[in-house]
Every structure is written in structure tokens, then in C-alpha cells.
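Visitor: attaching a predicted model along with its sequence, questions to come.
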Amino acid sequence: MSVRTRRVAKLLQREIAAILALELPQERLVTVTGVRVSNDLGIAYIHVSVMLATSEHRQAALAQLKGQAAQIRKALAQRIRHQMRAMPELRFFLDESLHEVSKMDTLLDTIRAERAQRSGES
């Protein structure tokens, strides 16, 4: 990834997060966890995490974001029109890493509890 694409990705991440927080509030807490931009700056892959929600709610929030992509792109164009010539196409993806970490923590806590119980019995 070149310096230019990294800068654009950081700019897009910051501005899209602000748009979602201020201009287009979501039903659930949506966090922009990362943005990757194609080499030609034509496509932005936006990874979002939906907090405190079930799998169905996360999928619904993602569908809502995909439906609002044109509106988000327009708001983004108004915010950074002097920094970029053309706005990239926005593609949203669900980042499940936080939920996977939570599952792993739960499993590890269960293992620790079982080990403590076994060592207490011996």
C-alpha cells in the first residue's frame, strides 16, 4: 500500500466515522474499524463493527449501511471535495473480529474455571 492510499484510507475512515456519528445516526452503535482503498483510489472497502448486537442485528445494520452508501458518499464528497478529485465507490463489510475475541475470552474463562475446579478437587 502506497503512502497516498494509506493517507486516503485514514482520511476516509475519519470522515465516514464522523458522518455516521453526526449526520446519519444508526439504530445501533456502528464503528468504522478500518478502510482499505484500491490502488487507483476508485473503491474504498470500509470495515464496520456493530456493538452490542446479535448476528441478525449486525447483518441488518450492514444492510442499512449498504442502502445508505450513496447518501454517505455524497456527504463525504461535500466534506473532502477539496482534497480528492473523485469520490471512491463505498463498499461496506462487517468486521466480526471483536465478537470473535469475545467468544475466545469466554472459552478461555470456561477452561480456567474447569482447571481451577479440577485442581481444587485433587
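Guide: That came in fine, so what should we check first?
Visitor: ranges for the strands of this protein?
Guide: With DSSP state E as the criterion, the chain has strands at 30-37, 43-50, 89-94.
Visitor: which secondary element of the protein has the worst mean pLDDT?
Guide: helix 97-121 (a mean of 83; mean pLDDT, DSSP states H and E).
Visitor: and that helix, what's buried?
Guide: Using 16 or more other C-beta atoms under 10 Å as the test for burial, helix 97-121 gives residue 99. Where you see a C-beta, it was placed from the backbone N, CA and C, and this is true even at glycine.
Visitor: next: stretch 18-25.
Guide: 19, 20.
Visitor: at the geometric centre of this protein, which residue do we find?
Guide: Centroid check for the chain by C-alpha atoms, centre = their mean gives residue 48 as the closest residue, at 1.5 Å.
Visitor: rounded mean pLDDT for stretch 11-28, please.
Guide: Mean pLDDT, stretch 11-28: 87.
Visitor: how about stretch 66-85?
Guide: In this model, stretch 66-85 has a mean pLDDT of 92.
Visitor: and it, what's buried?
Guide: Within stretch 66-85, the residues scored as buried using 16+ other C-beta under 10 Å are 68, 72, 73, 75, 76, 79.
Visitor: quick check: the first one touching residue 27?
Guide: Which is residue 68. No. Applying C-beta atoms under 8 Å as the test, residue 68 and residue 27 come out as separate, 11.9 Å apart.
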